[in-house]
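Peer 1: what's the 3D shape of this:
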Amino acid sequence: MLFRCNILALVGGGDAPHYPPNKVMIWDDHQSRCIGELSFKSPVRGVRLRRDRIIVVLENKIFVYNFADLKLVQQIETAPNPKGLCSVSQQPGSIVLVCPGAQKGQIRVEHYGARKTKFINAHASRVACFALSQDGRLIATASTKGTLVRIFNAAEGNLLQELYLPQGSPPNRVYENYNSVLSDADSTTICELTPETEMSNNCICGYGTLCNYCQIMLTKLTELVRRGADRAEIYSLAFSNNLQYLAVSSDKGTIHVFNLKINVGLTTNDKPLPAPDADVPHMSPSFSFIKGVLPKYFHSEWSVAQFRLHEGEQYIVAFGHEKNTVAVVGMDGSFYRCQFDPVNGGEMQQLECHNFLKPSDQP
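Peer 2: Numbers count the residues shown, from 1 in each chain. Here you go, the predicted model:
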């Protein structure tokens, strides 16, 4: 649908489609008829609409058309793209389009106003999902590993922030505080860390052999490694309109909201993080002496708010017009609207719940 107007793009699907799956039908709901169509040699994987552009996504190619006369503007070759991944900026003015690049883990950014193309090597593994902010300034990406979300500056390709997506039950968080390690589990252990410590048979407290306190801490951190290895399939990423938050949904059934610590006005001049060479977040320097034992999750941001739904169901997320609200739509016909506390975080409050496929029942 083109925003909230009467123009829709329809593609046939299912066992007995009304329209062929290799055609895009431009439907005017006010006139109740098709006002245009685009035909292709292979099935259409996705369609994106702007007031001035129609973007059609095939398995290995993307076509960009003028909306007014359906004139072809550009063809883009991509890596295999069965999900039809593609994002386009929505604000009037210059157009920014993001699609998979030709290589694994790469995304391609087309800046039509500046007439330039930018390639970003976002992940070591295949890109599973990405999102573009409405103004075209920020890109969020996730790989098939499903443990990290990365935020890039669309203009220069700089890595601005990394977000860690915990899988399953939330693991015990580990905090770095000066030269101490703290855990938010039921029992908190504090061990002094010294740069000279080595993780062999020595205690991280510096008392020689491994003491009980440090053994507990290492057990908790090992559990963090185990839980973090569980992969997730990222279904949806969404920026808030003010670019302060990012919402994420996955097959684990939990919606996460992250706080973006980015000065949007300075994104083109921000000092970038080191280029990502693997799907592992960057490590805090004070933990470098135990890098052989601990995962590199300590520099990444954790979600500030969560909303738990049914595991395995596919959900799409978006931010609502009301402050600090998130809308969630499930493939099972469910709709949720919830609100998060930007200060205290934690579980979101459910404000609304419907199922459009089962009007008389609640999900």
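
Peer 1: you'd agree L138 is up against I151?
Peer 2: Yes. Using C-beta atoms under 8 Å, L138 is in contact with I151, at 6.1 Å. All C-beta atoms are positioned from the backbone trio N, CA, C, and that covers glycine.

Peer 1: shared neighbours, those two?
Peer 2: Counting by C-beta atoms under 8 Å, 6 or more residues apart in numbering, the common neighbours of L138 and I151 are 160, 260, 262.

Peer 1: Distance to E233 and secondary structure added to these, as CSV?
Peer 2: Shown next, in CSV, are these (distance: C-beta to C-beta, whole Å; DSSP: H, G, I helix; E, B strand; the rest coil):
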residue, distance to E233, secondary structure
L160, 24, strand
L260, 23, coil
I262, 26, coil
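
Peer 1: ok, those vs K118, which is closest?
Peer 2: Comparing these against K118 with C-beta to C-beta places L160 closest, at 14.5 Å.

Peer 1: how close does the closest one get to T78?
Peer 2: 24 Å (C-beta to C-beta, to the nearest Å).

Peer 1: hang on, G101 packs against T117?
Peer 2: No. Assessed by C-beta under 8 Å, G101 is found out of contact with T117, at 9.8 Å.

Peer 1: Mutual contacts of the two, please.
Peer 2: R108.

Peer 1: Compare those two and say which is more crowded by neighbours.
Peer 2: Legend: neighbour count by other C-beta atoms under 10 Å for G101 and T117, higher for G101 (22 against 13).

Peer 1: Find the nearest non-adjacent residue to the more buried one, please.
Peer 2: Once flanking residues are discounted, G101 sits nearest to R108: 4.4 Å by C-beta to C-beta, 6 or more residues apart in numbering.

Peer 1: Okay, now the unreliable bits of the stretch 101-250 of the chain?
Peer 2: By pLDDT under 70, the low-scoring segments of the stretch 101-250 of the chain are 166-230.

Peer 1: can you map out the helices along it?
Peer 2: 212-228 (DSSP state H, counting those that start in this stretch).

Peer 1: got the residue ranges for the strands in the stretch 201-350 of the chain?
Peer 2: Counting by DSSP state E, counting those that start in this stretch, the stretch 201-350 of the chain has strands at residues 234-239, 245-250, 254-259, 305-308, 315-319, 325-330, 334-339, 346-347, 349-355.

Peer 1: Now render these as JSON lines, adding distance to N121.
Peer 2: Listed next are those as JSON lines, based on distance: least, C-beta to C-beta, whole Å:
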{"stretch": "strand 234-239", "distance to N121": "18"}
{"stretch": "strand 245-250", "distance to N121": "21"}
{"stretch": "strand 254-259", "distance to N121": "22"}
{"stretch": "strand 305-308", "distance to N121": "30"}
{"stretch": "strand 315-319", "distance to N121": "26"}
{"stretch": "strand 325-330", "distance to N121": "30"}
{"stretch": "strand 334-339", "distance to N121": "35"}
{"stretch": "strand 346-347", "distance to N121": "35"}
{"stretch": "strand 349-355", "distance to N121": "39"}
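
Peer 1: before we move on, back to that, export the shared contacts of L138 and I151 to JSON lines and tack on distance to E313 and neighbour count?
Peer 2: Formatted as JSON lines, the shared contacts of L138 and I151 follow (distance: C-beta to C-beta, whole Å; neighbours: other C-beta atoms under 10 Å):
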{"residue": "L160", "distance to E313": "31", "neighbour count": "21"}
{"residue": "L260", "distance to E313": "26", "neighbour count": "21"}
{"residue": "I262", "distance to E313": "31", "neighbour count": "18"}
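
Peer 1: hmm, back to that, can I get the strands of the stretch 201-350 of the chain in JSON lines including mean neighbour count?
Peer 2: JSON lines is the format used below for the strands of the stretch 201-350 of the chain (neighbours: other C-beta atoms under 10 Å):
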{"stretch": "strand 234-239", "mean neighbour count": "22"}
{"stretch": "strand 245-250", "mean neighbour count": "25"}
{"stretch": "strand 254-259", "mean neighbour count": "22"}
{"stretch": "strand 305-308", "mean neighbour count": "19"}
{"stretch": "strand 315-319", "mean neighbour count": "19"}
{"stretch": "strand 325-330", "mean neighbour count": "20"}
{"stretch": "strand 334-339", "mean neighbour count": "19"}
{"stretch": "strand 346-347", "mean neighbour count": "11"}
{"stretch": "strand 349-355", "mean neighbour count": "14"}
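
Peer 1: do you know which of the ones you listed lies nearest P92?
Peer 2: It is, among the strands of the stretch 201-350 of the chain and with distance given as C-beta to C-beta, strand 234-239, at 17.8 Å.

Peer 1: Count the residues that sit near G12.
Peer 2: Residues lying near G12 (other C-beta under 10 Å) number 16.

Peer 1: Next: L58.
Peer 2: Residues contacting L58 under the criterion other C-beta under 10 Å number 19.

Peer 1: ok, Y245 - contacts?
Peer 2: With C-beta under 8 Å, 6+ apart, Y245 has these contacts: 239, 257-260, 319, 342.

Peer 1: with these in mind, which one is nearest to I95?
Peer 2: Among the contacts of Y245, F239 lies closest to I95 (C-beta to C-beta), at 17.2 Å.

Peer 1: Now for the closest one: which residues touch it?
Peer 2: 131-134, 138, 140, 245-246, 260, 319.

Peer 1: again, only this time at 10 Å
Peer 2: 131-135, 137-140, 151, 245-247, 260, 318-319 (C-beta atoms under 10 Å, 6 or more residues apart in numbering).

Peer 1: E347 now?
Peer 2: 305-308, 338, 340-341.

Peer 1: Columns pLDDT on top of those, output as JSON lines?
Peer 2: Formatted as JSON lines, these follow (pLDDT from 0 to 100):
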{"residue": "A305", "pLDDT": "93"}
{"residue": "Q306", "pLDDT": "94"}
{"residue": "F307", "pLDDT": "95"}
{"residue": "R308", "pLDDT": "94"}
{"residue": "C338", "pLDDT": "96"}
{"residue": "F340", "pLDDT": "96"}
{"residue": "D341", "pLDDT": "94"}
